[in-house]
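Q: show me the folded form of this:
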Amino acid sequence: MNKQLKFRHELKYYMNPMQYLVMKRQLSNVIKLDKHAGPTGEYHIRSLYFDDIENKALHEKLAGVRDREKYRIRIYNKSDKVIHLEKKVKFNDYVSKLKETLTREMVDSVLAGNYESFNDPSRPLLAEMYYEMKNKLLRPKVIVDYVREAYVAKEGNVRITFDKRLQTGLNQVDIFDPQLSTINAFDDDITVFEVKFDEYLPEYIRIAIQAGGLVRQSNSKYVICRKLIKFNSWEDQ
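A: Residues are numbered from 1 along each chain as shown. Below is the predicted model:
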């Protein structure tokens, strides 16, 4: 395990509308809204995921490889005010994330096929992705789009999220496009429920998960959305 990274547990579940309402009611007195939540208690997330010419991130996930990583660019509330480059790392049952701030100009440049703005040795994550783009043909593959309702527990470093209305951009990678054409990722009204914690998961959360009949899932939003479009989308760019 990389000692420089802070790894956490990440549990994922699918829930129907009734399970979502019951879970919120059960936890309402012991969790509080995340500081990033808007007036409605929600905020919008749009991520542009990258993969190499061999679709390594996709195939490793489908094959059940336990140690893997993937890159994404993420914006919030369809705005370019805050843009992050993120590398998500999985090690056994733990996950970690590295993050760097980007400008709109840098992202536009990458989408246009010019990667030199990432060629910055003073910013290791950018330099790493630049290497991947130049040598392994890392390219934008799919947009993952959803609305997040996020909470934190009153004790411990525990974060709870309800991700709703999961969609993907249909053969598009312009993350800033206000007219982005999207399709639903699920046929039914499914909420992706995620629990992230360090070593301690409060017993009341564990009990609520068991009482709700939730079954842990392994599929990632990235894989779900890649499956909705042809696997060769954008691979020739």
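Q: rest of the way, CA atoms for contacts and neighbours
A: Will do.
Q: sec struct for residue 110, please.
A: Classification of residue 110 using DSSP: H, G, I helix; E, B strand; the rest coil returns helix.
Q: distance check, it against residue 117.
A: 8 Å (Cα to Cα, to the nearest Å).
Q: surely residue 62 forms part of a strand?
A: No. Checked against three-state DSSP, residue 62 lies outside a strand; its state is helix.
Q: okay, it: pLDDT?
A: pLDDT, residue 62: 89.
Q: one more: residue 181?
A: The model's pLDDT for residue 181 equals 88.
Q: hmm, it is touching residue 169, no?
A: Yes. In this structure, residue 181 is within contact of residue 169 by Cα atoms under 8 Å, at 5.7 Å.
Q: who has more neighbours out of those two?
A: Neighbours per residue, other Cα atoms under 10 Å: of residue 181 and residue 169, the larger number sits with residue 169, 23 against 12.
Q: so what's the nearest residue to that one once chain neighbours are set aside up against?
A: Closest residue to residue 169 apart from its sequence neighbours, by Cα to Cα, 6 or more residues apart in numbering: residue 182 at 4.4 Å. Residue 182 sits next to 167-170 when contact means Cα atoms under 8 Å, 6 or more residues apart in numbering.
Q: from residue 222, how far out is residue 182?
A: 14 Å.
Q: check residue 146 too.
A: The gap separating residue 146 from residue 222 is 12 Å, by Cα to Cα.
Q: wait, what's in contact with residue 132?
A: 52, 138.
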